[in-house]
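*Asks:* sequence? don't have it. structure:
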């Protein structure tokens, strides 16, 4: 594998997450005007793939995950006609989103999809992956909370998704828990079992400050797709910050075909002023990365902590201990209620 | 006392657990297990438990229906083959209890509407899904007090308790459950979410039920109604428990439940399996009691074209 370490001249497809994962950091409150502004500037900066949806993707609008300002269809109809070169993508988590919603996404112009399951449950995705391929969409199998499966196990799950039709398999570090050596081991294990034409991707969260380092480690080992968010706008401490990633790639000779200065300007002039809180490594998001907890739980745990008089960190650590996974946001209030009773803050 | 003889189609997790439930029933007796794979462990298990088996699908059962007096069949296969199974058995006058998400018959949640189905003398009733059985009683507990504009249910089940059929057809599970949250639960609109958690040791089935009431919720009456409904479900699933709530936040009513099983086929964490099989058994028992009392006439149904 040593010849892969020379990354000079390698092409990487970057996929921006700010208008989907970033919805979590905005409590799903991004206006269509903001969507259009960010997406057109990403398009202008040469970013080839832009994910646009509710933070939970298809079917995300719910009491569990919050209601966005607009439906996914309204966001797509606002953004997609304005794209000059970028393709718009979406997230589909089986159990939350369905094929009916995938059909609607396609009808509204979405051409790429991350079909996401927990890292051990790939076999809940065959009908969705097959349907996306039937529609002719660029189809990714997206293995979330990838730190919770060992490299061999993750490779088996990736191979399953490939067998359903996925063209790219993603290692998704939803908790921002992984270190470069963890990423390397998983990319290597996937590369060994996947067909040569199947691509490998990495989706990072910056909770331990490792977003860039992990993405580069993935590329060195053979990954060719990287998810990142302009300005780092994403759940937890945010995703791998796109503009930083592009700058590092530029220094290393990795080709992203993105315009660094345009991305810097977008970050400084548009994304930072949009943030309701500074998306960065702080006490709570660092806890996510340290304890291996799903990044999206952050703001929900903050709310429950305030409501029941508990430290957010205590709730997050307890959720990690109970092995809660993505999608179990209802268990945050439930856990806080139980903790509050145990601590005598609430009547049992 | 005479018992009504039953066939089970589908020797997977649900079908196998159902054998245990039926064997304990005072009015039901499992006599046949139907599979499609002669080497399946499920058929071997069923034989060991004293059932006759066939590996030739429902067609392998049909010649024995009359001789063996099979009057009720449980379908624990998949939504795609259910209609064909149901048509063939209905044509012989066998009542079908459907545990797939096919939902071609009336949707049944015992404490909410079982009596209605029994009075209607249905020949096919659908048990919705484990998530539906675990959550719809709670939606109904709120909607019978005041109108619910929207209900949302989140079911989390352990990875080990979910078989390949459900996994490969998750959308059908979601659609059928969402629909039943409205049709049986009584909400005007509804949504169902399902999460499969692989934690080891496996986590117990958890369910969260959110209801948005049209007017300010009457907290006292809703709390009483929820507690009463929990007791109703406990009559056939003793491990059905309220963990937290109801919590009131504006017009949102949140109830947090867990379901422990009896530990028949799978260990107690798999409450999702139990609530499905126990609800199906309870439904069949109600019909069986009516049949034995001569109040329920099973009539052959002409096969649909």
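*Replies:* Structure received. Computed from a prediction, not measured in an experiment: that's the story for all the values here.
*Asks:* ok, residues contacting stretch A:266-276?
*Replies:* Residues outside stretch A:266-276 that contact it (CB atoms under 8 Å, 6 or more residues apart in numbering or on different chains): A:18, A:25-27, A:29-30, A:34, A:37-38, A:41-42, A:45, A:230-231, A:233, A:241, A:243. Where you see a C-beta, it was placed from the backbone N, CA and C, and this is true even at glycine.
*Asks:* what is the rounded mean pLDDT of that stretch?
*Replies:* The average pLDDT within stretch A:266-276 is 97.
*Asks:* can you tell me how far the residue in the stretch 201-305 of chain B that chain A sits nearest to is from residue A:87?
*Replies:* Closest residue of the stretch 201-305 of chain B to chain A, CB to the nearest CB: residue B:208 (3.7 Å). Distance of residue B:208 to residue A:87, given as CB to CB, to the nearest Å: 36 Å.
*Asks:* so those two - more neighbours on which side?
*Replies:* Legend: neighbour count by other CB atoms under 10 Å in any protein chain shown for residue B:208 and residue A:87, higher for residue B:208 (27 against 19).
*Asks:* what sits against the more buried one?
*Replies:* Contacts of residue B:208 by CB under 8 Å, 6+ apart are A:64, A:330-331, A:334, B:153-154, B:254-257.
*Asks:* so which residues of chain A form strands?
*Replies:* Along chain A, counting by DSSP state E, strands occupy A:13-16, A:49-51, A:87-92, A:112-118, A:138-144, A:168-172, A:199-203, A:225-228.
*Asks:* quick one: closest of those strands to chain B.
*Replies:* strand A:112-118 (6.6 Å).
*Asks:* related to what we said a few turns ago, which helix or which strand is home to the residue of the stretch 201-305 of chain B closest to chain A?
*Replies:* strand B:205-213 (DSSP states H and E).
*Asks:* avg pLDDT for that strand?
*Replies:* 98.
*Asks:* list the strands paired with it, with their directions.
*Replies:* Applying DSSP bridges, strand B:205-213 is found paired with strand B:148-158 (antiparallel), strand B:252-259 (antiparallel).
*Asks:* chain B: helices as residue ranges?
*Replies:* For chain B, the helices defined by DSSP state H cover B:13-23, B:41-48, B:57-61, B:79-90, B:110-120, B:130-143, B:164-168, B:170-183, B:219-234, B:271-292.
*Asks:* now the stretch 1-150 of chain A
*Replies:* A:21-25, A:32-44, A:72-79, A:99-107, A:126-134 (DSSP state H, counting those that start in this stretch).
*Asks:* turn the helices of chain B into JSON lines, including mean neighbour count.
*Replies:* Listed next are the helices of chain B as JSON lines, based on neighbours: other CB atoms under 10 Å in any protein chain shown:
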{"stretch": "helix B:13-23", "mean neighbour count": "24"}
{"stretch": "helix B:41-48", "mean neighbour count": "16"}
{"stretch": "helix B:57-61", "mean neighbour count": "18"}
{"stretch": "helix B:79-90", "mean neighbour count": "20"}
{"stretch": "helix B:110-120", "mean neighbour count": "17"}
{"stretch": "helix B:130-143", "mean neighbour count": "29"}
{"stretch": "helix B:164-168", "mean neighbour count": "18"}
{"stretch": "helix B:170-183", "mean neighbour count": "23"}
{"stretch": "helix B:219-234", "mean neighbour count": "16"}
{"stretch": "helix B:271-292", "mean neighbour count": "25"}
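*Asks:* residue A:346 - nearest residue in space that isn't next to it in sequence?
*Replies:* Excluding the flanking residues, the one nearest residue A:346 by CB to CB, 6 or more residues apart in numbering or on different chains is residue A:340, at 4.2 Å.
*Asks:* now for the one you found: which residues touch it?
*Replies:* Residues near residue A:340 by CB under 8 Å, 6+ apart: A:308-310, A:346.
*Asks:* look up how far residue B:32 lies from residue B:60.
*Replies:* Taking CB to CB, one finds residue B:60 at 9 Å from residue B:32.
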